[in-house]
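Chemist: Build me a structure from this.
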Amino acid sequence: MAFDLPARENLTRADFVVSATNALALAALDGWRDWPAGKMLVVGPAGAGKTHLAAIWAGDTGAVTIAAASLAGADLPALAAGPALAVEDADRVAGDRAAETALFHLHNLMPRDRPMLLTATTPPRDWGLALPDLLSRMQALPLTRLEAPDDALLAGVLTKLFADRQLAVQPAVIPWLLTRMPRTIGAARALVAAIDARSLAEGRAVTTRLAADVLDSAAPE
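Modeler: Numbers count the residues shown, from 1 in each chain. Reported below is the predicted structural model:
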């Protein structure tokens with residue numbers, strides 16, 4: 001009997017796939033003790049590994065992690081009093097006056113000896129912030145980037161995603177997928193989930209034939 005159980009995604013350092021596209025960002029976070037004013041902004045496309053990096057950093061620093069969209073209702077002094085703080089998706093405060101104001105005050109409350117990490121998909125100039133003082137502070141942050149994934153990173157991510165789902169995969173599947181799939185980590189996540197679902201529903205092994213069927217069914221007509 002097969003059960004469609006939720007996949008367990010590991011966000012430890014050991015599970016982080018390092019390549020030329022993310023090595024500089026990882027090194028920047030590892031050097032958090034030397035951050036100017038104790039702050040850093042990580043920028044990269046959706047699904048590029050920002051959450052994974054933030055989880056690694058939080059484990060190293062004891063940081064509390066909060067979504068930027070939740071800041072308007074948060075206890076800002078309590079957040080600033082912790083050992084460190086990670087604010088995810090900081091660009092999502094744009095257009096929400098209360099959230100923008102909360103991020104501005106939180107930035108000002110954070111002492112230099114308590115590091116603060118922020119993540120976003122784009123640099124602050126592209127967020128569409130309405131609060132000029134917040135924009136100036138975000139633009140002053142040191143910034144590190146996660147670049148678009150290369151073959152080495154995508155292969156490692158696919159291997160990890162299949163392993164997270166405890167799926168046995170024929171050796172030819174991952175090289176075959178790399179030449180045909182969209183070139184994003186988000187696409188890799190969706191593709192592995194679809195392959196897992198098709199394999200479970202049809203009782204089939206994960207082969208290039210199954211992968212081809214999944215890609216064909218996802219292709220626009």
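Chemist: Map the structural domains onto the sequence of this structure.
Modeler: Domains of the chain are assigned by automatic domain parsing as 22-145, 148-218.
Chemist: Including mean neighbour count, mean pLDDT and distance to Ala14, could those domains go into a markdown table?
Modeler: (C-beta placed from N, C-alpha, C; glycine too.) Below are these laid out as a markdown table (neighbours: other CB atoms under 10 Å; pLDDT from 0 to 100; distance: least, CB to CB, whole Å):
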| stretch | mean neighbour count | mean pLDDT | distance to Ala14 |
| --- | --- | --- | --- |
| domain 22-145 | 18 | 96 | 10 |
| domain 148-218 | 16 | 92 | 10 |
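Chemist: could I get those as a markdown table with distance to Phe16?
Modeler: Listed next are the domains of the chain as a markdown table, based on distance: least, CB to CB, whole Å:
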| stretch | distance to Phe16 |
| --- | --- |
| domain 22-145 | 6 |
| domain 148-218 | 9 |
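Chemist: I'd like to know which of these lies nearest to Asp15.
Modeler: domain 148-218 (6.0 Å; CB to CB).
Chemist: chain center to the longest helix along the chain, what's the gap?
Modeler: Determined from DSSP state H, the single longest helix within the chain is helix 185-202. With CA atoms, centre = their mean, to the nearest Å as the basis, helix 185-202 stands 19 Å off its chain's centre.
Chemist: after that helix, next one along is what?
Modeler: helix 208-218 (DSSP states H and E).
Chemist: Are there helices or strands packed against that next one, and which ones?
Modeler: helix 173-178, helix 185-202 (3 or more CB pairs under 8 Å, 6 or more residues apart in numbering; DSSP states H and E).
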